[in-house]
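Asks: How does the following fold in three dimensions:
(3 chains)
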Amino acid sequence: MLQIKNLDVYYGGFQALSNIGLEAENGQIVSILGANGAGKSTLLKTIAGLLKARSGTIHFEEKKIDHLESHDIVNLGLALVPEGRKIFGSLTVLENLLMGSYAARARKSKRENLENVFQLFPHLKERTDQMGINLSGGEQQMLAIGRALMSQPRLIIFDEISLGLSPMVVKMLYETIRRINQERVTVMLVEQDVKRSLKTADMAYILQEGKVCLNGNPKHFTEEEVKQAYFGL
Amino acid sequence: MTSNRIRLIIIVLCLIVLITLPLWASRYIVSVLLLIYLYMTVASMWNLLAGYSGLISLGQQMFIGIGGYTLAVLSIYYGVPIFLGVLSGGVISVILAVLISRPVFRMKGVYFAIGTWIIAEALGISFSNWGYVRYGMGLFIQPAYKLSMSSIYYAAMILGVGSIALVYLLLRSNLGLALMAIRDDDMASEAMGVNIFRCKLTCFLISAFVTGLAAGVLYLNTIFIQPFEAFGIGWTVKLLFIVIIGGLGTVEGPILGAVIFVLLQQFLSEYVGFNLIILGTITILTIFFAPKGVIGTFHEIFLVELFPIRRQ
Amino acid sequence: MNGILLGGLYAVIGIGLSMIFGIMKQVNLAHGELMILSSYFSLVFIQLIGLHPLLTLFFVFPAMFILGYLLQGFVFNRVLGKGMEPYLMISFGLSIILQNALLLVFTPDARSLKTGLIIQTLDVYGLFHVPVIYLVDFAGGVLTIGFLHLFMKRTYLGRAIRASADDLSASKLMGINIKKIYALATGIAALTAAMSGVLVGMTFTFYPHSGTQYLIIAFGVVIIGGMGSLPGTFLGGLILGISQLVGAQLIGPGFQLLSGYLILLIVLTIRPQGLLGRK
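Replies: Numbers count the residues shown, from 1 in each chain, chains lettered A, B, ... in the order given. Next up is the predicted model:
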């Protein structure tokens, strides 16, 4: 479903990612881990088209997307729930969700999708007229996820969704992710919470200083290997 | 020979040519160069503000108006000797600058630009409603009739060369270091004890003074001053053109820009009305394709500067 | 009273500027000229076809929208992401080009869009006379702002514009093409310029250089009311309208503009973000 080969990404003169190779298959949950600054967010932003790679390729469902603009990538069925949620503060909950179905492919079925989102997050249904900026952290995260779901993605990427949230909320979010995955949506996760991440994922990639250090089925990782890949100890 | 020697020789040669100009060149050439000096002066002052201090002012014309009118009023009504009148123009301009500095410096970025523009417009309206300066009809600066072209030329030359030298020395001084630091990162520089307000204020006052002087000489040349023209936005349009084409933030930029501008003016004087349109279009195109201006792009490609301001 | 009605007109003048600042964080110095350009467009249609000025809007609206859209698309989008200075200077250059082009084509004569309304006044409770034309202006103002508000609230495009003002990268992730949205926003701003241009043309005489004074009025409105705020702009319009007429009454007709300028300068100094503006 998603294939990344030899990806190099630079911030000006600084090389943030070197020779990244990654594959996500249909229906999988793929986890991306690494210490702060290892390049996880950079990778996600590049996949979503917010950053451009200097070399390498990204293929989504056999289509080359590395040269496309974000708005075109979303239209192909790839959604990103960005780091820091980034909901639209001056728009209401409902308007935020409607923005999710801005992409042409999702407009027609917006009522259905809205219903689905409200089923997943009944909390949001009660707050449709509240302004985004007035929601709590957890509610904002739900809104961000709901918004991404509104675009009917076949691949959805979550960037650090547990940041600043209580364990209970995080548990609920991860259950939701599993449910989303059960609807045959491929999921990619970037997480700080290593344990939870490895438990949920089918495949994991650990980044260190912009390179893939360890990858494979996390159930086969040893603690030693993980520590090594994470911190280089 | 070291590159510094070469630079020095080039500069000295140019100066010799320029100083002796009235002796061998035609009246027309003298008058053209005169204009070039004056535009160069005002432009390098604008450049000091916009290119180095980060203050984009759309109201420099207020000093042109004030400088010009001071000269006019003093020499016509009080018989003040001409060049003292010019000097006073500069002084009154600084006073104006000081008066407005408090409020104006509280405005940041685009607000500063608009604020300065409005002040200039307000002054224009005020002067055109003021009987003392003959309302919108303007003043004829009679005492300037008896001046020779050469004396005006030399006055302009002193200003032109002087302003470039001034900017150069300023930028090589501590003030210049501070300005460049502010330009790069103003929070960090503040942490190092750089008083941003004072630096910018100094530049603002200097530019006001020099612009006021230049205005005086300018109106010695044109002899006739009117409020809407003197305080008009047209000045800023021309300055913008000169500095952008020449190169924002370079010392030589205003020189080249002024040369191009004055020559273009002469060439386009036949097509009245079109000239500002063409100026505007060229300016926009330059911003698209060569945002650093001729000199700026030259610096980038050839890495050579006539007036180097970085310490070596 | 007249000041309040005038304020409605002023609000429309300012709303275009406020939009662009709220959405793109840029200031279009050519906004005044776009207005006056609309006035001249209207004039052309009146002279060609003999329409009532308000009806010329049928032609002027689309013309200005396309102009605004193309301007953003081909000119301003080129310097996207390069900060405030390029946009400012380009818009400044544009305003000069437009001013002088108008000067060349239409000569410096005073013009106005003639309607019978300019002479008619309305007797309100026998207390004061209100020029009908001011009522038309006010109505135009309210209608325009009303439409704008509805558009922003109820349509996908309107929401997309608001979203991109909130968060640029999140908007991209929603499938919003930022370049197109900006072009659209500028087109809409041009529409408001068209509306205000025609109204102004009907109410006052205009010259090719009138753009500057209306730009400053637009700034006044936006700065007093607050950049990026719809109700704020309306409020700003009212305040400016009232203060201008009061100034004219107190000091003299030549000072109408001046008193507006003074108020503007004061607000700029004390509270640049305006009464209801967002920082």
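Asks: check contacts around residue 62.
Replies: I went with chain A, as the question did not name one. By Cβ atoms under 8 Å, 6 or more residues apart in numbering or on different chains, no residues touch A:Glu62. All C-beta atoms are positioned from the backbone trio N, CA, C, and that covers glycine.
Asks: not what I meant, chain B
Replies: Shown in contact with B:Met62 (Cβ under 8 Å, 6+ apart): B:Leu96, B:Thr116, B:Ile119, B:Ala120, B:Leu123, B:Phe231.
Asks: In helices, which of these fall?
Replies: B:Leu96, B:Thr116, B:Ile119, B:Ala120, B:Leu123 (DSSP state H).
Asks: any idea how far A:Ala16 is from the fourth one?
Replies: When you say that, I think you mean B:Ala120. Applying Cβ to Cβ, to the nearest Å, the value for B:Ala120 to A:Ala16 is 48 Å.
Asks: So those two - more neighbours on which side?
Replies: B:Ala120 (26 against 22; other Cβ atoms under 10 Å in any protein chain shown).
Asks: Quick check, the more buried one in contact with B:Ala230.
Replies: No: counting by Cβ atoms under 8 Å, B:Ala120 stays clear of B:Ala230, with 9.7 Å between them.
Asks: what sits in contact with each of the two?
Replies: Residues touching both B:Ala120 and B:Ala230 (Cβ under 8 Å, 6+ apart): B:Gln61, B:Gly65.
Asks: near chain B, which residues of chain A?
Replies: For chain A, no residue is in contact with chain B (Cβ under 8 Å from any Cβ of the partner chain).
Asks: Can you name the residue of chain A nearest chain B?
Replies: Nearest residue of chain A to chain B: A:Gly12, at 15.1 Å (Cβ to the nearest Cβ).
Asks: Give me the phi and psi angles of that residue.
Replies: Backbone torsions for A:Gly12, taken as degrees, to the nearest 10, come to phi 70, psi -120.
Asks: measure it to chain C for me?
Replies: The gap separating A:Gly12 from chain C is 14 Å, by Cβ to the nearest Cβ, to the nearest Å.
Asks: can you count the residues close to that residue?
Replies: Neighbour tally, A:Gly12, other Cβ under 10 Å: 6.
Asks: likewise A:Gly84?
Replies: By other Cβ under 10 Å, 15 other residues sit near A:Gly84.
Asks: what kind of secondary structure is it in?
Replies: coil (DSSP: H, G, I helix; E, B strand; the rest coil).
Asks: what's near enough to touch it?
Replies: A:Leu163.
Asks: pLDDT score for it?
Replies: A:Gly84 is assigned a predicted lDDT (pLDDT) of 82.
Asks: Distance check, it against A:Gly164.
Replies: On the measure of Cβ to Cβ, A:Gly84 and A:Gly164 end up 9 Å apart.
Asks: What of A:Phe231?
Replies: 23 Å.
Asks: the helices in the stretch 51-200 of chain C, which residues?
Replies: C:53-70, C:84-106, C:132-154, C:156-166, C:168-173, C:178-203 (DSSP state H, counting those that start in this stretch).
Asks: Kindly apply the preceding question to the stretch 51-200 of chain B instead.
Replies: According to DSSP H, counting those that start in this stretch, the helices that the stretch 51-200 of chain B contains are B:61-77, B:82-105, B:110-128, B:149-172, B:174-184, B:186-191, B:196-222.
Asks: still on that earlier bit, got a list of what the residue of chain A closest to chain B touches?
Replies: Applying Cβ under 8 Å, 6+ apart, no residues qualify as near A:Gly12.
Asks: Kindly report the same for B:Ser88.
Replies: Per Cβ under 8 Å, 6+ apart, neighbours of B:Ser88: B:Thr70, B:Leu71, B:Leu74, B:Val80.
Asks: quick one: the second one from B:Ala155, how far?
Replies: Meaning B:Leu71. In terms of Cβ to Cβ, B:Leu71 sits 12 Å off from B:Ala155.
Asks: Common neighbours of these two, please.
Replies: Jointly contacting B:Leu71 and B:Ala155 under the rule Cβ under 8 Å, 6+ apart are B:Val86, B:Leu220.
Asks: Neighbour count for these two, which is higher?
Replies: B:Leu71 (34 against 23).
Asks: quick one: that one and B:Ala215 touch, right?
Replies: Yes: between B:Leu71 and B:Ala215 a contact is recorded at 7.5 Å, counting by Cβ under 8 Å.
Asks: quick one: the closest residue to B:Ile260 other than its chain neighbours and chain C, what's the gap?
Replies: Once flanking residues are discounted, B:Ile260 sits nearest to B:Ile245: 5.8 Å by Cβ to Cβ, 6 or more residues apart in numbering or on different chains. Using Cβ to the nearest Cβ, we find B:Ile245 at a distance of 12 Å from chain C.
Asks: can you check A:Arg127 too?
Replies: For A:Arg127, the distance to chain C - Cβ to the nearest Cβ - is 18 Å.
Asks: For that residue, which non-adjacent residue is closest in space?
Replies: Excluding the flanking residues, the one nearest A:Arg127 by Cβ to Cβ, 6+ apart is A:Val93, at 5.1 Å.
Asks: In contact with the one you found: list those residues for me.
Replies: A:Leu124, A:Arg127, A:Thr128, A:Asp129, A:Gln130, A:Gly132, A:Leu135, A:Leu143.
Asks: let's go with 7 Å and repeat that
Replies: A:Val93 is in contact with A:Leu124, A:Arg127, A:Thr128, A:Gln130, A:Gly132, A:Leu143, counting by Cβ atoms under 7 Å, 6 or more residues apart in numbering or on different chains.
Asks: B:Phe289 too?
Replies: By Cβ under 7 Å, 6+ apart, B:Phe289 has no neighbours at all.
Asks: Could you check how far the residue lying closest to C:Val142 once chain neighbours are set aside is from C:Leu71?
Replies: Excluding its sequence neighbours, the residue lying closest to C:Val142 (Cβ to Cβ, 6+ apart) is C:Gly8, at 5.9 Å. Going from C:Gly8 to C:Leu71 by Cβ to Cβ gives 27 Å.
Asks: neighbour-wise, which of those two wins?
Replies: More crowded of C:Gly8 and C:Leu71, by other Cβ under 10 Å: C:Gly8, with 25 against 22.
Asks: Assess the claim that the more buried one and C:Leu235 are in contact.
Replies: No: using Cβ atoms under 7 Å, C:Gly8 is not in contact with C:Leu235, being 11.2 Å away.
Asks: In chain B, what helix or strand scores lowest on average pLDDT?
Replies: Lowest on mean pLDDT, DSSP states H and E among the helices and strands of chain B sits helix B:186-191, with a mean of 64.
Asks: for chain A, that is, sorry about that
Replies: Ranked by mean pLDDT, DSSP H and E, the weakest helix or strand in chain A is helix A:104-107, scoring a mean of 76.
Asks: What residues sit buried inside it?
Replies: The neighbour-count check on helix A:104-107 (16 or more other Cβ atoms under 10 Å in any protein chain shown) flags A:Ala106, A:Arg107 as buried.
Asks: quick one: contacts for A:Ala24?
Replies: A:Ala24 makes contact with A:Met1, A:Leu2, A:Val30, A:Thr186, A:Met188, according to Cβ under 7 Å, 6+ apart.
Asks: could the residues you listed go into CSV alongside secondary structure, neighbour count and distance to chain C?
Replies: Below are the contacts of A:Ala24 laid out as CSV (DSSP: H, G, I helix; E, B strand; the rest coil; neighbours: other Cβ atoms under 10 Å in any protein chain shown; distance: Cβ to the nearest Cβ, whole Å):
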residue, secondary structure, neighbour count, distance to chain C
A:Met1, coil, 19, 19
A:Leu2, strand, 22, 16
A:Val30, strand, 23, 19
A:Thr186, strand, 24, 17
A:Met188, strand, 26, 14
